[in-house]
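1. Mind looking at a prediction? Sequence and model below.
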Amino acid sequence: MNKLPFHRRKDVRLALRYLVACLLVIIFVFPVYWLFIISFKTPDEIFAFPPVWYPESIQFSNYFVLFKDGDAKSVLNSLILASVSTFFAMIFGTIAAYSLVRFRTGGENLAVWIISQRMMPPVAIVFPVFLLYVFFGWVDTFFGLILLYTAFNLPYVIWMMRGYIEDIPLELEESALVDGCSRWEVLWKVVMPMARSGLFATAVFTFVFAWNEFLFALVLTRTEVTTYTVQVTHYFGGQSNFWAKIAAMSVLGTIPVFIAVATMQRYLVRGISMGAVKG
Amino acid sequence: MSDLKITGLHKYYGSFHAVKGIDLEVPSGEFTVLVGPSGCGKSTLLRTIAGLEETSEGTVEIGNKDVTWARPRDRDIAMVFQNYALYPYMNVFENIAFGLRARKFADAEINKRVHNAADMLGIGPLLKRLPRELSGGQRQRVAIGRAIVRDARLFLFDEPLSNLDAQLRDDMRVEIKRLHQELGRTMIYVTHDQIEAMTLADRIVLLRDGRIEQLGSPLDLFERPANLFVASFLGSPKMNFVPATLDGNTAILSDGTKLTLAGKRNGKAKQAVILGIRPQHIALSGKRVAIGHAQVKVTVELVQPTGSRVQVAFPLGGKSVVAELESRDVSKPGGKISIDIDMARAIVIDPQTEKVI
């Protein structure tokens, strides 16, 4: 290679780089492709050896079964739980963060105490929470899980929004106060728009957390508000696994998160890097 | 009638005493400038008037109404901030209309007022733009526009020009002065720049360490400073201070130079004093013949032409003294010149109390 002239060497290096990039893409994308493709296969194709890399014909029977049996409702349940809890966590979290930043509520330490709540391993409190929920009759209700997810996400939202709000120049708020706004109007008309990127980025992470939550959903649901994460585990049997259903359900479960991240991508990148600069 | 009346105002930040008992009354329509070195409490005072800082002690009245504990929006004030405080996600029109919308004005009225203000400030063609598409000067115009559409009783300016470059600052200063003449509103303006203070003010309030050192018209303060601090703060180049001994009507400098003071001074005999002479009150001998001028021969040390004038430094009484002469009076250092000092306008300061005698 050393014999090659300089510009040829550059070409070779570029080609190598593309080769490595392609390999990496394949390694990362292949599992996703495999998941999607299994969900469209017939049982014979799923268990065929050598593997069927792409099915003869795309067929939706696996999805059809999920909808017919009502299993797909669990995706809707997850969607409701994640959206509503994200909504409330964002509202209360932003208000709390504003109060921490502007009014020094709780002094220096309250914010750290709040985020420390996130350090607790969830499994440590599963049993007490379960007993509490049985007592109040909140097991297997939307209210119960929404309350729990909101509470779980609040520390994260408060911590993140605190950073974004600190970056907003004080003069913008003061100017609005002089111009005739109340504190609530300042929060709504100045702080929210100024922290928009951070708001969306935080909301996406909050949503994804609630969407992926498994432990509490498993313990606290029965039949009414089964989430998709719990539903998928029903297909892992002692004797056999329902690969077709697992794949189809996983695809259904991936789509909302994919849409959320794709539509918010612009804010996500900016929001995360804003936080990164803050350190 | 006064638009603003401050009585016995104190402001503490924890144990730090930022404003130490200010009494101030601003008549309707007056342009008052709060000026002083950084940390003198001028911005704190303004922010307390605005209600952005809580009063620790004393009262603030705006338009004969006690607003000491009123929220900023209930004080009938408009404020322009140093960093413009424009909302980056709103266009110029919406930025100017912000205060009107917050106060639920009708759309037609908002439209009329915003366009009036924009025309007044020459930013009519920029209404659709976002703040980031504007230059510094344009942004400051928008910020001022946002204040004037409100038509408030009191306009507060917090160092509005300090982020602009020198040329733009001159232009905007003229603009603000013109606005005051057109609107005839009471304006309170904070700056650390003594030239801004001199050119804009009907009345200057000179602050130091949270106290008012002196207040009065710009010329009053310039010509009749009450103490050493006021004398040294105003004027460019700065006033010269030369130690001297008073003997009757004569000030004797350390190098033996005798300068005869005009008028009676209530100094004790043989009292050590500081003589204050403005660079503008020194001229080349023979230019003007005036009574009360003392003639001195000096050796030129340094020459700094400014175009229209020339600043000349020379030793006198053990100090380097600066004189502002006409541009062609002196061209290079080293030569001996004869100068006239206008002793009628010189001030005598007691070095102990730092007060003008």
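-> Structure's in. What do you need? Numbering: from 1, shown residues only, chains lettered A, B, ... in the order given.
2. Helices along the stretch 151-300 of chain B, start to end?
-> B:166-183, B:194-200, B:218-223, B:228-233 (DSSP state H, counting those that start in this stretch).
3. same check, this time on the stretch 1-150 of chain B
-> Taking DSSP H, counting those that start in this stretch to define them, one finds helices in the stretch 1-150 of chain B at B:42-50, B:92-102, B:107-121, B:136-148.
4. could those helices go into JSON lines alongside mean neighbour count and mean pLDDT?
-> All C-beta atoms are positioned from the backbone trio N, CA, C, and that covers glycine. Below are the helices of the stretch 1-150 of chain B laid out as JSON lines (neighbours: other CB atoms under 10 Å in any protein chain shown; pLDDT from 0 to 100):
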{"stretch": "helix B:42-50", "mean neighbour count": "23", "mean pLDDT": "94"}
{"stretch": "helix B:92-102", "mean neighbour count": "23", "mean pLDDT": "94"}
{"stretch": "helix B:107-121", "mean neighbour count": "16", "mean pLDDT": "93"}
{"stretch": "helix B:136-148", "mean neighbour count": "24", "mean pLDDT": "91"}
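5. remind me which residues of the chain are low pLDDT?
-> No chain was given, so I picked chain A. A:1-3, A:238, A:272-279 (pLDDT under 70).
6. That was the other one, I meant chain B.
-> B:263-268, B:287-291.
7. Can you pull the phi and psi angles for the spatially most central residue of chain A?
-> Nearest to the geometric centre of chain A sits A:Val208, at 1.1 Å (CA atoms, centre = their mean). Per-residue torsions, A:Val208: phi -60, psi -40 (degrees, to the nearest 10).
8. Can you tell me the element the nearest residue in space to it that is not next to it in sequence falls in?
-> Spatial nearest neighbour of A:Val208, excluding adjacent residues (CB to CB, 6 or more residues apart in numbering or on different chains): A:Val257 at 5.9 Å. Taking DSSP states H and E as the definition, A:Val257 sits inside helix A:243-278.
9. So for that helix, what gets flagged as buried?
-> For helix A:243-278, a neighbour-count test (16 or more other CB atoms under 10 Å in any protein chain shown) marks A:243-253, A:256-257, A:260, A:264, A:267-268, A:271-272, A:274-275 as buried.
10. now it, how far from the chain's geometric center?
-> Here helix A:243-278 is found 6 Å from its chain centre; the criterion is CA atoms, centre = their mean, to the nearest Å.
11. I'd like to know which elements that helix is packed against.
-> With contacts defined as 3 or more CB pairs under 8 Å, 6 or more residues apart in numbering or on different chains; DSSP states H and E, the packing partners of helix A:243-278 are helix A:6-39, helix A:43-47, helix A:61-68, helix A:73-102, helix A:142-166, helix A:196-212, helix A:228-233.
12. ok, the nearest residue to B:Leu164 once chain neighbours are set aside - contacts?
-> Nearest non-adjacent residue to B:Leu164, counting by CB to CB, 6+ apart: B:Gly136, 5.4 Å away. Going by CB atoms under 8 Å, 6 or more residues apart in numbering or on different chains, B:Gly136 touches B:Asn163, B:Leu164, B:Asp165, B:Leu168.
13. can I assume B:Pro243 is in contact with B:Gly317?
-> Yes. Taking contacts as CB atoms under 8 Å, B:Pro243 lies within contact range of B:Gly317: 6.7 Å.
14. Report the contact partners of the closest residue to B:Gly51 other than its chain neighbours.
-> In this structure, B:Gly51 finds its nearest non-sequential neighbour in B:Pro72, 4.0 Å apart by CB to CB, 6+ apart. Taking CB under 8 Å, 6+ apart, we find B:Pro72 in contact with A:Glu174, A:Leu177, A:Val178, B:Ala50, B:Gly51, B:Leu52.
15. so the residue of the stretch 151-300 of chain B found nearest chain A bridges to which residues?
-> Using CB to the nearest CB, B:Leu156 is the residue of the stretch 151-300 of chain B that sits closest to chain A, at 8.0 Å. Per DSSP bridges, the residues bridged to B:Leu156 are B:Met79, B:Ile188.
16. ok, it touching B:Thr48?
-> No. Using CB under 8 Å, B:Leu156 is not in contact with B:Thr48, being 10.7 Å away.
17. Wondering if stretch A:154-169 reaches chain B at all.
-> Yes. Residues of stretch A:154-169 contacting chain B under CB under 8 Å from any CB of the partner chain: A:Pro169.
18. Quick check: buried residues in that stretch?
-> Here stretch A:154-169 shows A:154-165, A:168 as buried, counting by 16+ other CB under 10 Å.
19. of these, closest to chain B?
-> For these, the nearest to chain B is A:Ile168 (10.5 Å; CB to the nearest CB).
20. And that closest one, how far from B:Glu133?
-> 21 Å (CB to CB, to the nearest Å).
21. Break chain B down into its structural domains.
-> Domain assignment for chain B by automatic domain parsing gives B:2-229, B:240-349.
22. out of these, deepest packed?
-> Across the domains of chain B, averaging neighbours per residue (mean count of other CB atoms under 10 Å in any protein chain shown) puts domain B:2-229 on top, at a mean of 19.
23. Write out the residues of the stretch 51-200 of chain A neighbouring chain B.
-> A:169, A:171-172, A:174-182, A:185, A:189-190, A:193-194, A:196.
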